[in-house]
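J.: Task: produce atomic coordinates for the following.
(one chain, ligands or ions: 1)
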Amino acid sequence: MDGATQAAPLSADLVQVEETILGGTTARRNETVIARGAGCWLYDTAGRGYLDLTSSQGIAMLGHSHPALSAAIAEQAQTLIACPNFLYNDQRARFAGKLAGVLPPHLQHLFLANSGAEAIDGAIKFARLTTGRTRMIAFRSSFHGRTVGALSLTWEKKYREPFQPLLDVIHLPYNDLAKVEAALDDTIAAVFVEPVQGEGGVNIGEIDFLQGLQQLCRERGALLVIDEIQTGFGRTGTWFGFEHAGLQPDIICLAKGLGGGFPMGAFAYTDAVQAKLYPGAHGSTFGGNPLAAAAGIAAIDTYRRDHLIERSAAMGEVLLGRLREELADVPVVREVRGLGLMVGIELRQKPGPYLKTLMEEHGVIALPAGTNVLRLLPPLIISEEEIEIGVEAIARTLGK
Ligand SMILES: Cc1ncc(COP(=O)(O)O)c(C=O)c1O
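T.: Below you'll find the model as predicted:
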């Protein structure tokens, strides 16, 4: 069939196509078909706007179709899209320098990939190479992705169990240092931890726990790998979540906000890890491609120029404060918690039905997390007026 000669399909047809061809792994929330985005808003094929309090799963940190990002991608698309990774490239080099510039001085080596799970898988390999050990520690309620390596670290049994045997990972309770102290022996290559668990329920890592992990790793020869895929690039009000605990991790994994919404992943590591590498130790055909590099440069420039990291801290306080005020007496709400613009509303019930009402009746999109948490990851550009629209809609939906 010649697609160019067909009439534009109706939304129902598009839903049918997605279900028939792409169905099976992803449950869609409803039959809305999103066609356009601008700022904090997504628009469906009928033109209805939705306030996206998820940054499209934590990636569109600059909002949708940010002019600086769109312009950089368009310009690069007309200049060079593909470059073999065995040749040097101007944009890749500029991007590496730019990213290194926002990383701490001890994490100045990078591998460029295309997604979060890919960054985690690379970190697993480098941790094994560096330590000569194979086993890992991760935490209950963690989420690190769904490729085989990353899945081994992810806690949720329904994601993991059908695919056993996976890599040898011990899952310990989050924020329980004594359990780590008992388990971290000389078989452990690395401890993988999110500074704030995202998918697991917006669980905030205690500073003593995170610092204790670092100390135990140092004493016992394991690497500390911080998964900053959801918390990075200002999500928690600092460039990276580990800064809240003043850590010096051996490896950090990045994705989501790295390209401001453009698909990218990366991990950064120390001189000691770098010293073990050799040509062919790892690779990626698409990683660090010129288009992604241009997007990454524009994203980092925009975070800096528009002071979006500081803005996340300030707007996060506004959002948390307003939610706590509006939800104080709402029976279904157990707790409102968060750091920067990473917020969880813990409920006494599953969030699914509320998320549907919030979107369909109030035009506001939010995420679930854990078993009973409604999660908000708004773009860092969100305004106070948009926060107000979101808070009012959430309060009405949760039954104020
Ligand atoms: C903390 C964390 N790690 C890893 C991942 C996996 O990233 P990706 O979906 O890009 O593979 C995610 C995705 O949500 C995440 O939140």
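
J.: what packs against the strand or helix carrying F95?
T.: Under the criterion of DSSP states H and E, F95 resides in helix 90-102. For helix 90-102, the elements it packs on are strand 109-113, strand 265-269, helix 290-305, judged by 3 or more Cβ pairs under 8 Å, 6 or more residues apart in numbering; DSSP states H and E. All C-beta spots, glycine's among them, are computed from the backbone N, C-alpha and C.

J.: Quick one: closest of the ones you listed to the ligand.
T.: strand 265-269 (6.3 Å; Cβ to the nearest ligand atom).

J.: could you give the angle of that closest one to helix 90-102?
T.: Comparing the axes of strand 265-269 and helix 90-102 via axes from the mean of the first three to the mean of the last three Cα atoms, to 10 degrees yields an angle of 50 degrees.

J.: What strands line up against strand 265-269, and which way round?
T.: Strand pairing for strand 265-269, using DSSP bridges, gives strand 109-113 (antiparallel), strand 251-254 (antiparallel).

J.: what's the most buried one of these?
T.: strand 251-254 (a mean of 28; mean count of other Cβ atoms under 10 Å).

J.: Please enumerate residues in contact with that strand?
T.: Under the criterion Cβ atoms under 8 Å, 6 or more residues apart in numbering, residues 103, 107, 116, 119-120, 123, 126-127, 190, 223-229, 232-233, 240, 242, 265-270, 273 lie in contact with strand 251-254.

J.: Just the ones of the residues you listed in helices?
T.: Of those, the ones assigned to helices by DSSP state H are G116, A119, I120, A123, F126, A127, V273.

J.: Return the closest of these with respect to the ligand.
T.: G116 (2.2 Å).

J.: Does the closest one touch G265 like I think?
T.: Yes: counting by Cβ atoms under 8 Å, G116 does reach G265; the two are 5.5 Å apart.

J.: Could I get the contacting residues of the residue of the stretch 251-400 of the chain found nearest the ligand?
T.: Residue nearest to the ligand within the stretch 251-400 of the chain: A255 (4.6 Å; Cβ to the nearest ligand atom). Contacts for A255 were tallied using Cβ under 8 Å, 6+ apart; they are A113, S115, G116, A119, I229, G232, M264, G265, A266.

J.: what does the model give the spatially closest residue to it that is not a sequence neighbour for pLDDT?
T.: Spatial nearest neighbour of A255, excluding adjacent residues (Cβ to Cβ, 6 or more residues apart in numbering): G116 at 3.5 Å. Model confidence at G116, given as pLDDT, is 98.

J.: next one: A7
T.: 56.

J.: What distance do you get for the nearest residue to Q211 once chain neighbours are set aside to G205?
T.: Leaving out its chain neighbours, the residue that sits closest to Q211 by Cβ to Cβ, 6+ apart is A245, at 5.5 Å. Distance, A245 to G205, using Cβ to Cβ, to the nearest Å: 7 Å.

J.: Do a quick rundown of the helices in the protein.
T.: 11-17, 55-58, 67-77, 90-102, 116-131, 148-153, 157-160, 177-183, 207-220, 271-274, 290-305, 308-327, 352-362, 384-397.

J.: tell me the most buried of those?
T.: helix 116-131 (a mean of 24).

J.: so what secondary structure elements neighbour that one?
T.: Going by 3+ Cβ pairs under 8 Å, 6+ apart, helix 116-131 lies up against strand 109-113, helix 148-153, strand 188-193, strand 223-227, strand 251-254, strand 265-269, helix 271-274.

J.: ok, 6 Å please
T.: helix 148-153, strand 188-193, strand 251-254, strand 265-269 (3 or more Cβ pairs under 6 Å, 6 or more residues apart in numbering; DSSP states H and E).
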